[in-house]
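Engineer: coords please:
(4 chains)
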2 protein chains.
Amino acid sequence: MTSTTPAPPGRPRAFDIDEALDRAVLVFWSKGFEGASLDDLTEAMGISRPSLYRAFGSKEDLFYKALERYTEGLTSYFARALAAPTSGAVATAVLHGTVEAATMPGFPTGCLGVQGALATGEESRPVRDALIAWREEGIAHLTRRFQQGVDAGDLPPSADPHLLALYLRTVANGIAVQAASGSSRPELLQVANLALGSWPKL
Amino acid sequence: MTSTTPAPPGRPRAFDIDEALDRAVLVFWSKGFEGASLDDLTEAMGISRPSLYRAFGSKEDLFYKALERYTEGLTSYFARALAAPTSGAVATAVLHGTVEAATMPGFPTGCLGVQGALATGEESRPVRDALIAWREEGIAHLTRRFQQGVDAGDLPPSADPHLLALYLRTVANGIAVQAASGSSRPELLQVANLALGSWPKL
DNA sequence: GCACATCCGTACCGATCGGTACCGAAGGAG
DNA sequence: CTCCTTCGGTACCGATCGGTACGGATGTGC
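Structural biologist: Numbering: from 1, shown residues only, chains lettered A, B, ... in the order given. Sure, this is the predicted structure:
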């Protein structure tokens, strides 16, 4: 007996909501928001259409929840990378983590946060904007971390934290696109290491 | 009187086919292949639906022709960049050109070759694959150019032409994504210059 | 003039889109 | 047991999707 909520009224849900969400992540990841139809989603999740709507609200809400789960799961390397001891180690961990996450065997290639909705029609604009904000948030986290690096002296005083953060995010975006195009993990690791060659030295 | 084909039989076309194609480029560029509906396209092009089909075949064929026109027009900087005197000048021209093309005032942000169809549903896979091939072709051109650079001695003998080409394309992809996310031209120019800092020195 | 070929747009096609009304089933509370 | 709430799926909704049949218009070649 766990200490979870005692037991909600009504008929209990017959499927694992997190497992279903994981399946939705894979569909959105490989086909994008607009390319993923409700039939694609319900088939992959193993549930009927009304069940999906009861559990997640709408296709758009499902996407947001899938993005959240993706962030906390397959992209958790990012939060760990921010905790690396030096700014240089952060940069290395971010790019290496990006390469690994974007070329994970058994998963779609690339990054949900990039290819989920890069250019869309008018009605999917909120989703596109949410992904822009998602990427922007990553830049903001990196900027703060590199400002700490400047303050702590592991970056030169002349270093521009925002520029470095934008640079990392740009290279990570590019890696995601190349992974989606079929580039291999070893190739992209070389690219990441080459990009790290411009990292400011003390 | 020009020296074009004398005059085809039948009723002459009432619109400029290249101008219509330019409009289609803008629609595909900003909304992507899947996000661009036929109503979006016909409205922007100023022609009716059957006219579009007579002139271009299908939505998919229209996209391919739009991509071709985009390549020869707004992305012609790439061909010029390849003709720069040294490998380093090529790299600089490619990234600077990418930034400019991706942040051109009055045009959609980003790059049609990236956001036109990055992740799609099953039925749009040929379009996605065509864009992968389009980007791959750019890498192949750069690889050959940098091999010339190694042979000519403007790159160190240890330089890997393919890796350098993949690196440039990766950064260019990332710049395109960031431009589509709203990053400014000056910001991205700084990013491009930072990326060029890893360029191998003689 | 007459054929002929191509273009024009209106009005339509079946298919698929995202989303929901409905009703029976399955649980807890009294 | 009865009530109540939520879940289950079938079967459907209007809207939009990409694509086309068709009849009138407009040009060239004879």
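Engineer: Please report how far the residue in chain A that DNA strand D sits nearest to lies from A:Gly46.
Structural biologist: Nearest to DNA strand D, among the residues of chain A, is A:Gly10, at 2.1 Å (CB to the nearest atom of the strand). Placement of C-beta: from N, CA and C, glycine included. Separation of A:Gly10 from A:Gly46 (CB to CB, to the nearest Å): 21 Å.
Engineer: Near DNA strand D, which residues of chain A are found?
Structural biologist: Within reach of DNA strand D by CB under 7 Å from any atom of the strand, chain A has these residues: A:8-15, A:47-51, A:54-55, A:121.
Engineer: ok, A:Leu202 - how many residues close by?
Structural biologist: 10 (other CB atoms under 10 Å in any protein chain shown).
Engineer: if I pick it, what's in contact with it?
Structural biologist: Going by CB atoms under 8 Å, 6 or more residues apart in numbering or on different chains, A:Leu202 touches A:153-156.
Engineer: Present those as CSV; the columns should include distance to B:Leu21 and pLDDT.
Structural biologist: Output for the contacts of A:Leu202, formatted as CSV (distance: CB to CB, whole Å; pLDDT from 0 to 100):
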residue, distance to B:Leu21, pLDDT
A:Gly153, 56, 97
A:Asp154, 52, 96
A:Leu155, 48, 98
A:Pro156, 50, 97
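Engineer: If any of the residues you listed are buried, put those into a PyMOL selection.
Structural biologist: Of these, the buried ones go into a single PyMOL selection, burial set by 16 or more other CB atoms under 10 Å in any protein chain shown:
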select buried, chain A and resi 154+155
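Engineer: Is chain B within reach of the helix ranked longest in chain A?
Structural biologist: With secondary structure taken from DSSP state H, chain A has its longest helix at helix A:125-152. Yes: on the criterion CB under 8 Å from any CB of the partner chain, helix A:125-152 is in touch with chain B at A:132, A:135-136.
Engineer: And stretch A:9-29, by the same measure?
Structural biologist: Yes: applying CB under 8 Å from any CB, one finds stretch A:9-29 touching chain B at A:Trp29.
Engineer: Contacts for that stretch next, please.
Structural biologist: A:36, A:40-41, A:44-47, A:51-52, A:55-56, A:62-63, A:65-67, A:69-70, A:73-74, A:107-108, A:110, A:112, A:115-116, B:119.
Engineer: isn't A:Gly197 right up against B:Lys201?
Structural biologist: No: the pair A:Gly197 / B:Lys201 is not scored as a contact, 10.7 Å apart, by CB atoms under 8 Å.
Engineer: which of these two has more neighbours?
Structural biologist: Taking neighbours as other CB under 10 Å, A:Gly197 and B:Lys201 compare with A:Gly197 leading, 12 against 7.
Engineer: okay, now the closest residue to the more buried one other than its chain neighbours: neighbour count?
Structural biologist: Leaving aside its sequence neighbours, A:Gly197 sits nearest to B:Ser198 (CB to CB, 6 or more residues apart in numbering or on different chains; 3.7 Å). The number of residues packed near B:Ser198 is 18, by other CB under 10 Å.
Engineer: how many neighbours does A:Leu21 have?
Structural biologist: 19.
Engineer: hang on, I meant A:Met45
Structural biologist: 23.
Engineer: sorry, back to before: host element of the residue nearest to A:Gly197?
Structural biologist: Here B:Ser198 is covered by no helix or strand, with elements defined by DSSP states H and E.
Engineer: residues in contact with it?
Structural biologist: Contacts of B:Ser198 (CB under 8 Å, 6+ apart): A:194-198, B:167.
Engineer: that older thread, now, of the contacts of stretch A:9-29, which are buried?
Structural biologist: A:36, A:40-41, A:44-45, A:47, A:51-52, A:55-56, A:62-63, A:65-67, A:69-70, A:74, A:108, A:110, A:112, A:115-116, B:119.
Engineer: filter the residues you listed down to the ones near DNA strand C?
Structural biologist: Of the buried ones among the contacts of stretch A:9-29, the ones that also sit near DNA strand C (CB under 7 Å from any atom of the strand) are A:Ala36.
Engineer: Narrow the buried ones among the contacts of stretch A:9-29 to those in strands?
Structural biologist: With DSSP state E as the criterion, strands contain none of the buried ones among the contacts of stretch A:9-29.
Engineer: Just the ones in helices from the buried ones among the contacts of stretch A:9-29, please.
Structural biologist: Those of these lying in helices (DSSP H): A:40-41, A:44-45, A:51-52, A:55-56, A:62-63, A:65-67, A:69-70, A:112, A:115.
Engineer: So how do I select the buried members of the residues of chain A next to DNA strand D in ChimeraX?
Structural biologist: To isolate the buried ones among those in ChimeraX, judged by 16+ other CB under 10 Å, type:
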select /A:47,51,55,121
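Engineer: hang on, the earlier thing: please list which of the ones in helices among the buried ones among the contacts of stretch A:9-29 are also close to chain B.
Structural biologist: A:40, A:115.
Engineer: Now for the closest residue in space to A:Gly110 that isn't next to it in sequence, how many residues are close by?
Structural biologist: Leaving aside its sequence neighbours, A:Gly110 sits nearest to A:Ala180 (CB to CB, 6+ apart; 3.2 Å). Per other CB under 10 Å, the neighbour tally for A:Ala180 reads 24.
Engineer: A:Ala180 touches B:Thr120, doesn't it?
Structural biologist: No: using CB under 8 Å, A:Ala180 makes no contact with B:Thr120, being 10.7 Å away.
Engineer: Might you enumerate the residues of chain A proximal to DNA strand C?
Structural biologist: So chain A meets DNA strand C at A:6-7, A:9-12, A:36-39, A:49-50, A:53, A:58-60 (CB under 7 Å from any atom of the strand).
Engineer: Next, give me the two most distant ones among these.
Structural biologist: A:Pro6 and A:Ser37 (37.8 Å; CB to CB).
Engineer: domains of chain A?
Structural biologist: A:17-66, A:74-196 (automatic domain parsing).
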